[in-house]
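Chemist: what's the 3D shape of this:
(4 chains)
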There are 2 protein chains.
Amino acid sequence: MRTGDQTLVKQINKSIVLTTVQQKSPISRAQISKDTGLNKATVSSLVADLLEGKLVEEMGAGLSNGGRKPTMLFFNNKAGYAIGIDLGVNYVLGILTDLQGSIVAKINEPLISIDEGAVFNKVEEVIEDLTEQAPKSAYGIVGIGVGVPGLIDNEGTILFAPNLEWKNVHLKQHLERKYELPVFIENEAKAGSHGEKRYGAGQGVSNFIYVSIGIGVGAGIFINDQLYKGGSGISGEVGHFTIEPNGRKCRCGNKGCWELYSSEGALVEKTAHLFSDREEVTTECLIAKAKERNLEVLNAFDQVGEYIGIGLTNIINIFNPEKIIIGNRFAELEQWLRNPIERVFQQRLHEEFRDSFTLSFSENSIYSCALGSAAFSIETFFSTSRVTVV
Amino acid sequence: MRTGDQTLVKQINKSIVLTTVQQKSPISRAQISKDTGLNKATVSSLVADLLEGKLVEEMGAGLSNGGRKPTMLFFNNKAGYAIGIDLGVNYVLGILTDLQGSIVAKINEPLISIDEGAVFNKVEEVIEDLTEQAPKSAYGIVGIGVGVPGLIDNEGTILFAPNLEWKNVHLKQHLERKYELPVFIENEAKAGSHGEKRYGAGQGVSNFIYVSIGIGVGAGIFINDQLYKGGSGISGEVGHFTIEPNGRKCRCGNKGCWELYSSEGALVEKTAHLFSDREEVTTECLIAKAKERNLEVLNAFDQVGEYIGIGLTNIINIFNPEKIIIGNRFAELEQWLRNPIERVFQQRLHEEFRDSFTLSFSENSIYSCALGSAAFSIETFFSTSRVTVV
DNA sequence: TAACTTTGTTTAATTAAAAAACTATATAAT
DNA sequence: ATTATATAGTTTTTTAATTAAACAAAGTTA
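Modeler: Now for the predicted structure:
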């Protein structure tokens, strides 16, 4: 339990000033004082600290407002860099971002084997490649975040990753020892939701659910502007909602799970007969066929869209969110999915819920997960480094 | 946005000291200092404030620990009283509690009519009866809380109460004007969850879901020790989970809602043929028959229990809670429901979830909702009154 | 050119916590 | 009994932060 003292006060105010600069840059000390309600003298003192910490810089005089010209300040997004990795089932997507979340380098490596050692090597290769590309900066690489499709506990252990066939994998410790940097391992949907919160459709939204639909279905839950991880870190397994109590067996042990009817797998099943080789069916080629107005593919999208809608009504009934964001591979399917989903909403949602939220699709394309993973590092850097802690 | 200053620090610390006294009473100043990490001098100063505010009192010397005897302090639970009301479909249950949540008076009035005016009159009758019974105290009645079975928005308006056949009812304004006291209207399940958090099975549990099962099914969601209300205040409508996509029509508009299979209504339907008059079937007489080992009733309990289990697996998959608490009328059915529910958990939950939570039944019997409603007033009193605000 | 504005710093006042010194009151050992 | 030691709680002093007020610097406007 933390008690109140002067250091707490300073931490709070310093963080307010830094956030204000980040959001409203370029901005003067006087304007920060007006916007935040902090006294001019307090702002000057805190800005001096931030200048010394290299997180804020002066950029000369601005335009006069009828008196002395203000000194404009801006957030030094190049004071450090973060690495974010989206560890997929058949790829490793890595990005290097500045402290503002802008991508300054990226690399996408295919994964041939899902063997633990082989994947670890590939991840290290990506990390080292990005590290080399990082420009010189005051703080260097501030951390590494990795999004993984699986159950991750509160200590960052990968408990279970079905599609990678992993159990109890300690990637976090491995990378921390090797690179001596803060490492964050998080579930792919949780990382993606974080990416949307900071840099996408979740900005300014306090309560939203990011639903990642790809090979599986998972969710990242934002409540009161915070990612909700769950009692042991494994919240958001909405793919295993029971939608059909006597439906098909799912490999999770349950029957009739939502993701059996609403994921890439469901699409493939419905359309496999259109292709000579089942292995060849990908979301990309289905999109191609849908654009040619192939009726069977359009029907498959519509049917899968209906099931997605049914699961989303469950989410809406329980969370009453301000927004639902659909991410991962299905983020590209908006033009085919929005109609059936909204049809189901009309049919199945009580009227008080119907206009209580908006339905969006991911704004960061394939980068939500990697961006969110990088952002874990950036936030921890801000809250624990000597920069903001007194 | 609140900035940091000395008043904030004092508020935080005063609240810490008060909470410590509430939880560990009787306790000395020295012990508070050790437990909280606050300096002895700081504790003395804050305790002086709380003594002046009548929230804390001295009760003479305690036993020596090898030196000067400590002056023991205790929380003055009689400094004020709160009214909590559980507004049911056919009853109004009112309680008067002290600031500790102990019930000092109660009254249970049957509701003959669900007409808005008639119900308002009955509620006022209950409030006035309880007010008269309140002992003289420093702060008097600090507020009135009412739990209602329906959708309540963030302003306390009753948007929709199906079983009362109400729409857009402004009970809050009505009572505030009449009694000039803070009034809190909240959904019955949210109020119940709050009751369990403060005084029942939710104490010390940060993340739990209270599932109220009676005529309908609703949930109160506690996340990070806070009640989550949702974007517009109507979260927790788990009764309208789609469990059977092609099931029976629900009056909410959807088909195959969970509460059609798992509430009192489902029980009545399965057992109505055992009674001459369908109106006579109540949970109470089913309990009586179950105790006589009536096979048909036992089977009904078992089947309903299975469906409850299915809905709970959905809740567990999405929230990964530390605890599930079953409340309202079904809280009395533990001996018949626990088995089928846990059977379903074994069948349908992935192993990582199976031991991640405990299943409990309400500890406050029929008072969860009224207690939680009263507690809304008490907490607001502590956080906004001159007592704790500097 | 004088009057007024705006920006940002400096100085003094205020407040709350914490450390240190101190008083009061015990217990325990001799 | 007396002395040493330990604990409880208050008083005094120190420290660190915000804020208000005064001020200096640098503009604009009439």
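Chemist: need phi/psi at A:Arg251.
Modeler: Main-chain torsions, A:Arg251, degrees, to the nearest 10: phi -70, psi -10.
Chemist: distance of it relative to DNA strand C?
Modeler: 53 Å (CB to the nearest atom of the strand, to the nearest Å). (Glycine included, C-beta is placed from N, CA and C.)
Chemist: residues near that residue, how many?
Modeler: Close neighbours of A:Arg251, defined as other CB atoms under 10 Å in any protein chain shown, add up to 9.
Chemist: for the nearest residue to it once chain neighbours are set aside, what are its contacts?
Modeler: Distance criterion CB to CB, 6 or more residues apart in numbering or on different chains; nearest residue to A:Arg251, sequence neighbours excluded, is A:Pro162 at 6.6 Å. Listed by CB atoms under 8 Å, 6 or more residues apart in numbering or on different chains, the contact partners of A:Pro162 are A:Gly150, A:Gly216, A:Arg251.
Chemist: list the contacts for A:Cys257?
Modeler: Contacts of A:Cys257 by CB under 8 Å, 6+ apart are A:Gly239, A:His240, A:Phe241, A:Thr242, A:Ile243, A:Gly247, A:Cys250.
Chemist: mind doing that once more with 6 Å?
Modeler: Going by CB atoms under 6 Å, 6 or more residues apart in numbering or on different chains, A:Cys257 touches A:His240, A:Cys250.
Chemist: ditto for A:Gly84
Modeler: A:Gly84 touches A:Ile95, A:Gly145, A:Ala370, A:Leu371, A:Ser373, A:Ala374, counting by CB under 6 Å, 6+ apart.
Chemist: can you name the next helix or strand after the helix or strand hosting the second one?
Modeler: When you say that, I think you mean A:Gly145. In this structure, A:Gly145 sits in strand A:141-148 according to DSSP states H and E. Note on strand A:141-148: by DSSP H and E, the next helix or strand toward the C-terminus is strand A:151-152.
Chemist: sorry, back to before: and the contacts of A:Pro162, which is closest to DNA strand D?
Modeler: Comparing the contacts of A:Pro162 against DNA strand D with CB to the nearest atom of the strand places A:Gly150 closest, at 42.7 Å.
Chemist: can you get me a residue count around the closest one?
Modeler: 22.
Chemist: quick check: it vs A:Leu171, distance?
Modeler: Going from A:Gly150 to A:Leu171 by CB to CB, to the nearest Å gives 11 Å.
Chemist: now do A:Ile310
Modeler: Distance of A:Ile310 to A:Leu171, computed by CB to CB: 35 Å.
Chemist: neighbour count: the two, which is higher?
Modeler: For A:Ile310 versus A:Leu171, neighbours defined as other CB under 10 Å are more numerous around A:Ile310 (25 against 21).
Chemist: show me what contacts the more buried one?
Modeler: Residues near A:Ile310 by CB under 6 Å, 6+ apart: A:Val344, B:Thr242, B:Pro245.
Chemist: now it: which helix or strand?
Modeler: Following DSSP H and E, one finds A:Ile310 within helix A:295-319.
Chemist: how many degrees apart are that helix and helix B:295-319 in direction?
Modeler: Angle of helix A:295-319 versus helix B:295-319, following axes from the mean of the first three to the mean of the last three CA atoms, to 10 degrees, is 100 degrees.
Chemist: now do the buried residues in helix A:295-319.
Modeler: Judged by neighbour count (16 or more other CB atoms under 10 Å in any protein chain shown), helix A:295-319 contains these buried residues: A:297, A:300-301, A:303-319.
Chemist: for stretch A:368-387, same thing?
Modeler: For stretch A:368-387, the neighbour count (16+ other CB under 10 Å) marks A:368-382, A:387 as buried.
Chemist: now do that stretch: distance to the chain's middle.
Modeler: Stretch A:368-387 sits 12 Å away from the centroid of its parent chain (CA atoms, centre = their mean, to the nearest Å).
Chemist: could you do stretch A:356-364 as well?
Modeler: Its chain's C-alpha centre and that of stretch A:356-364 lie 14 Å apart, by CA atoms, centre = their mean.
Chemist: anything in that stretch near chain B?
Modeler: Yes: contact between stretch A:356-364 and chain B, assessed by CB under 6 Å from any CB of the partner chain, occurs at A:Ser356.
Chemist: show me which positions of that stretch end up buried.
Modeler: A:Ser356, A:Phe357, A:Leu359, A:Ser360, A:Phe361, A:Ser362, A:Glu363, A:Asn364.
Chemist: just put these in TSV and tack on pLDDT, distance to A:Ala41 and secondary structure.
Modeler: As requested, the buried residues of stretch A:356-364 are exported to TSV (pLDDT from 0 to 100; distance: CB to CB, whole Å; DSSP: H, G, I helix; E, B strand; the rest coil):
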residue	pLDDT	distance to A:Ala41	secondary structure
A:Ser356	97	45	coil
A:Phe357	98	44	coil
A:Leu359	98	47	strand
A:Ser360	98	43	strand
A:Phe361	98	47	strand
A:Ser362	97	44	coil
A:Glu363	94	40	coil
A:Asn364	94	40	coil
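Chemist: now, which of those sits nearest chain B?
Modeler: Using CB to the nearest CB, A:Ser356 is the member of these that sits closest to chain B, with 5.0 Å.
Chemist: contact partners for the closest one?
Modeler: Here A:Ser356 is in contact with B:Ser232 (CB under 6 Å, 6+ apart).
Chemist: and the gap between it and B:Gly233?
Modeler: In this view, A:Ser356 and B:Gly233 are 9 Å apart by CB to CB.
Chemist: and A:Ala105, by the same measure?
Modeler: 45 Å.
Chemist: who has more neighbours, those two?
Modeler: The neighbour count for A:Ala105 versus B:Gly233, taken as other CB under 10 Å, is higher for B:Gly233 (21 against 17).
Chemist: near DNA strand D, which residues of chain A?
Modeler: A:6-7, A:9-10, A:13, A:37-42, A:45-46, A:61, A:64, A:66-69, A:390 (CB under 7 Å from any atom of the strand).
Chemist: how about the residues of the stretch 51-200 of chain A near chain B?
Modeler: A:Leu151, A:Leu159, A:Phe160.
Chemist: most neighbours of all those, which one?
Modeler: Busiest of these [other CB under 10 Å] is A:Leu151, holding 23 neighbours.
Chemist: name the SS class of the residue in chain A that DNA strand C sits nearest to, please.
Modeler: Using CB to the nearest atom of the strand, A:Gly67 is the residue of chain A that sits closest to DNA strand C, at 1.9 Å. Secondary structure for A:Gly67, judged by DSSP: H, G, I helix; E, B strand; the rest coil, is coil.
Chemist: determine the number of other residues adjacent to it.
Modeler: Residues contacting A:Gly67 under the criterion other CB under 10 Å number 7.
Chemist: got phi/psi on it?
Modeler: For A:Gly67, the backbone dihedrals (degrees, to the nearest 10) come out as phi -160, psi -150.
Chemist: and if you look at the one 10 residues further on?
Modeler: The phi and psi torsions at A:Asn77 (degrees, to the nearest 10) take the values phi -70, psi -10.
Chemist: strands along the stretch 251-390 of chain A, start to end?
Modeler: Using DSSP state E, counting those that start in this stretch, the strands of the stretch 251-390 of chain A run over A:323-327, A:358-361.
Chemist: the longest one vs chain B: in contact?
Modeler: No: using CB under 6 Å from any CB, no contact is recorded between strand A:323-327 and chain B, whose separation bottoms out at 8.2 Å.
Chemist: partners of that strand in the sheet?
Modeler: With DSSP bridges as the test, strand A:323-327 is paired with strand A:208-213 (parallel), strand A:358-361 (parallel).
Chemist: what lies in contact with the first one?
Modeler: Pointing back at strand A:208-213 there. With CB under 6 Å, 6+ apart, strand A:208-213 has contacts from A:189, A:192-193, A:196, A:202, A:218-222, A:263, A:315, A:319, A:321-328, A:330.
Chemist: same for DNA strand C: which of these are within range?
Modeler: Applying CB under 7 Å from any atom of the strand to the contacts of strand A:208-213, none is adjacent to DNA strand C.
Chemist: of those, buried ones?
Modeler: Looks like these have A:189, A:192-193, A:196, A:202, A:218-222, A:263, A:315, A:319, A:321-328, A:330 buried, using 16+ other CB under 10 Å.
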